[in-house]
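*Asks:* how does the following fold in three dimensions:
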Amino acid sequence: MLKLAQIIPEHAIVPDLRGRTREEIVAELLDALVRCGAVAAELAADLGARVLERERKGSTGFGKGVAVPHVKHRSIERMCGAIGLSRLGVDFNALDRAPVFTFVLLISPDSRPEDHLRAMEVIFKNLSKETFRRFLRQASSAQGVAALLEEADQSQLTG
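*Replies:* Numbering: from 1, shown residues only. This next block holds a predicted model:
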(Lines give C-alpha, C1' and ligand atoms only; values in the text may rest on other atoms or scores of the structure.)
Protein backbone atom coordinates (compact mmCIF):
# COMPACT_ATOMS: atom_id res chain seq x y z
CA MET A 1 0.00 0.00 0.00
CA LEU A 2 1.38 3.37 -1.04
CA LYS A 3 1.70 5.88 1.82
CA LEU A 4 1.53 9.66 1.85
CA ALA A 5 4.80 9.84 3.78
CA GLN A 6 6.49 7.87 0.97
CA ILE A 7 5.32 10.43 -1.58
CA ILE A 8 5.89 13.62 0.43
CA PRO A 9 9.18 13.98 2.33
CA GLU A 10 9.04 16.19 5.42
CA HIS A 11 11.48 18.64 3.84
CA ALA A 12 8.98 19.16 0.99
CA ILE A 13 6.30 20.50 3.33
CA VAL A 14 5.73 24.27 3.18
CA PRO A 15 3.48 25.17 6.13
CA ASP A 16 3.15 28.84 5.21
CA LEU A 17 3.08 29.48 1.46
CA ARG A 18 3.71 33.11 0.52
CA GLY A 19 2.44 32.94 -3.08
CA ARG A 20 -0.80 34.64 -4.11
CA THR A 21 -1.09 33.19 -7.64
CA ARG A 22 -1.08 29.71 -9.20
CA GLU A 23 2.34 30.41 -10.68
CA GLU A 24 3.84 31.48 -7.36
CA ILE A 25 2.37 28.48 -5.50
CA VAL A 26 3.68 25.98 -8.06
CA ALA A 27 7.11 27.65 -7.98
CA GLU A 28 7.26 27.52 -4.15
CA LEU A 29 6.34 23.83 -4.09
CA LEU A 30 8.88 23.01 -6.79
CA ASP A 31 11.53 24.97 -4.86
CA ALA A 32 10.79 22.78 -1.84
CA LEU A 33 11.28 19.64 -3.96
CA VAL A 34 14.57 21.02 -5.30
CA ARG A 35 15.80 21.97 -1.80
CA CYS A 36 15.13 18.48 -0.44
CA GLY A 37 16.85 16.83 -3.41
CA ALA A 38 13.74 15.18 -4.86
CA VAL A 39 13.91 17.18 -8.12
CA ALA A 40 16.98 18.39 -10.01
CA ALA A 41 17.20 22.20 -10.07
CA GLU A 42 17.61 22.23 -13.85
CA LEU A 43 14.20 20.55 -14.24
CA ALA A 44 12.24 23.00 -12.09
CA ALA A 45 11.41 25.52 -14.82
CA ASP A 46 10.24 22.84 -17.26
CA LEU A 47 8.20 21.08 -14.58
CA GLY A 48 6.61 24.37 -13.55
CA ALA A 49 5.68 25.17 -17.15
CA ARG A 50 4.14 21.72 -17.61
CA VAL A 51 2.17 21.90 -14.36
CA LEU A 52 0.78 25.30 -15.34
CA GLU A 53 -0.01 24.06 -18.87
CA ARG A 54 -1.94 21.19 -17.26
CA GLU A 55 -3.78 23.71 -15.05
CA ARG A 56 -4.81 25.76 -18.09
CA LYS A 57 -6.43 22.65 -19.61
CA GLY A 58 -8.41 22.01 -16.45
CA SER A 59 -7.94 23.12 -12.89
CA THR A 60 -6.80 20.58 -10.32
CA GLY A 61 -8.53 22.65 -7.66
CA PHE A 62 -11.24 20.12 -6.94
CA GLY A 63 -13.02 22.19 -4.30
CA LYS A 64 -13.25 22.24 -0.51
CA GLY A 65 -10.10 24.37 -0.35
CA VAL A 66 -7.83 21.78 -1.99
CA ALA A 67 -5.81 21.55 -5.22
CA VAL A 68 -3.60 18.72 -6.45
CA PRO A 69 -1.50 20.01 -9.35
CA HIS A 70 0.38 17.14 -10.95
CA VAL A 71 2.49 16.20 -13.93
CA LYS A 72 4.37 13.24 -15.36
CA HIS A 73 7.81 13.90 -16.85
CA ARG A 74 10.31 11.76 -18.77
CA SER A 75 13.30 13.04 -16.76
CA ILE A 76 11.83 12.17 -13.36
CA GLU A 77 13.06 8.82 -12.05
CA ARG A 78 11.19 8.67 -8.74
CA MET A 79 7.75 9.96 -7.85
CA CYS A 80 7.74 12.79 -5.32
CA GLY A 81 5.37 15.29 -3.89
CA ALA A 82 5.23 18.50 -1.91
CA ILE A 83 2.47 19.88 0.26
CA GLY A 84 1.87 23.53 1.03
CA LEU A 85 -0.59 25.50 3.11
CA SER A 86 -1.80 29.00 2.36
CA ARG A 87 -3.22 30.92 5.32
CA LEU A 88 -5.07 33.44 3.14
CA GLY A 89 -6.18 31.14 0.34
CA VAL A 90 -5.40 31.45 -3.36
CA ASP A 91 -7.66 31.70 -6.40
CA PHE A 92 -6.68 28.46 -8.14
CA ASN A 93 -9.71 28.37 -10.45
CA ALA A 94 -11.17 25.59 -8.27
CA LEU A 95 -14.32 23.82 -9.39
CA ASP A 96 -16.32 25.34 -6.53
CA ARG A 97 -14.77 28.80 -7.18
CA ALA A 98 -13.64 28.96 -3.54
CA PRO A 99 -10.07 29.85 -2.51
CA VAL A 100 -7.58 27.00 -2.11
CA PHE A 101 -5.70 26.60 1.17
CA THR A 102 -4.07 23.17 0.77
CA PHE A 103 -1.90 22.24 -2.20
CA VAL A 104 -0.37 18.87 -2.98
CA LEU A 105 2.02 18.88 -5.94
CA LEU A 106 2.76 15.44 -7.42
CA ILE A 107 5.60 14.84 -9.87
CA SER A 108 5.86 11.38 -11.43
CA PRO A 109 7.96 9.54 -14.01
CA ASP A 110 6.00 9.29 -17.25
CA SER A 111 7.19 5.68 -17.54
CA ARG A 112 5.14 4.66 -14.46
CA PRO A 113 1.56 5.85 -15.05
CA GLU A 114 0.13 3.19 -12.73
CA ASP A 115 2.19 4.55 -9.81
CA HIS A 116 0.95 8.05 -10.61
CA LEU A 117 -2.65 6.84 -10.48
CA ARG A 118 -2.08 4.98 -7.20
CA ALA A 119 -0.53 8.09 -5.66
CA MET A 120 -3.42 10.27 -6.84
CA GLU A 121 -5.85 7.76 -5.36
CA VAL A 122 -4.13 7.86 -1.96
CA ILE A 123 -3.94 11.67 -2.01
CA PHE A 124 -7.60 12.11 -2.98
CA LYS A 125 -8.78 9.45 -0.54
CA ASN A 126 -7.25 11.40 2.33
CA LEU A 127 -8.11 14.89 1.08
CA SER A 128 -11.74 13.87 0.66
CA LYS A 129 -11.98 13.48 4.45
CA GLU A 130 -13.21 16.69 6.05
CA THR A 131 -11.38 16.02 9.32
CA PHE A 132 -8.04 15.49 7.54
CA ARG A 133 -8.47 18.73 5.54
CA ARG A 134 -9.36 20.68 8.70
CA PHE A 135 -6.36 19.37 10.66
CA LEU A 136 -4.06 20.13 7.72
CA ARG A 137 -5.27 23.74 7.60
CA GLN A 138 -4.66 24.06 11.33
CA ALA A 139 -1.12 22.65 11.18
CA SER A 140 1.48 25.32 11.85
CA SER A 141 4.73 23.46 11.12
CA ALA A 142 6.22 20.97 8.70
CA GLN A 143 6.51 18.54 11.62
CA GLY A 144 2.82 18.94 12.36
CA VAL A 145 1.88 18.21 8.75
CA ALA A 146 4.28 15.24 8.65
CA ALA A 147 2.62 13.83 11.79
CA LEU A 148 -0.79 14.14 10.12
CA LEU A 149 0.50 12.32 7.03
CA GLU A 150 1.87 9.52 9.23
CA GLU A 151 -1.42 9.30 11.10
CA ALA A 152 -3.35 9.10 7.83
CA ASP A 153 -1.00 6.35 6.62
CA GLN A 154 -1.58 4.40 9.84
CA SER A 155 -5.35 4.68 9.59
CA GLN A 156 -5.10 3.37 6.02
CA LEU A 157 -3.40 0.25 7.32
CA THR A 158 -5.88 -0.32 10.14
CA GLY A 159 -9.00 1.07 8.51
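
*Asks:* and Ser108, that's in a strand?
*Replies:* Yes. Counting by DSSP: H, G, I helix; E, B strand; the rest coil, Ser108 is found in a strand.

*Asks:* grab the nearest non-local neighbour of it.
*Replies:* His116 (3.9 Å; C-beta to C-beta, 6 or more residues apart in numbering). C-betas here are computed from N, CA, C, even on glycine.

*Asks:* now for that neighbour: which residues touch it?
*Replies:* The contact partners of His116, taken as C-beta atoms under 8 Å, 6 or more residues apart in numbering, are 70, 72, 79, 106, 108.

*Asks:* in which helix or strand would I find it?
*Replies:* Using DSSP states H and E, His116 falls within helix 113-127.

*Asks:* tell me the contacts of Ser141?
*Replies:* Ser141 sits in contact with Pro15, where contact means C-beta under 8 Å, 6+ apart.

*Asks:* for it, give me the pLDDT.
*Replies:* Listed pLDDT for Ser141 reads 96.

*Asks:* now swap in Leu157 and tell me
*Replies:* Looking at Leu157, its pLDDT is 57.

*Asks:* and what of Lys125?
*Replies:* What the model reports as pLDDT for Lys125 is 94.

*Asks:* not including adjacent chain positions, what is the nearest residue to it?
*Replies:* In space, and not counting its chain neighbours, Lys125 is closest to Gln156: 7.8 Å by C-beta to C-beta, 6+ apart.

*Asks:* how close does the one you found sit to Arg112?
*Replies:* Distance from Gln156 to Arg112, counting by C-beta to C-beta, to the nearest Å: 21 Å.

*Asks:* now do Thr60
*Replies:* To Arg112, Thr60 is 19 Å away according to C-beta to C-beta.

*Asks:* what about the residue nearest to Lys125, how many residues close to it?
*Replies:* 15 (other C-beta atoms under 10 Å).
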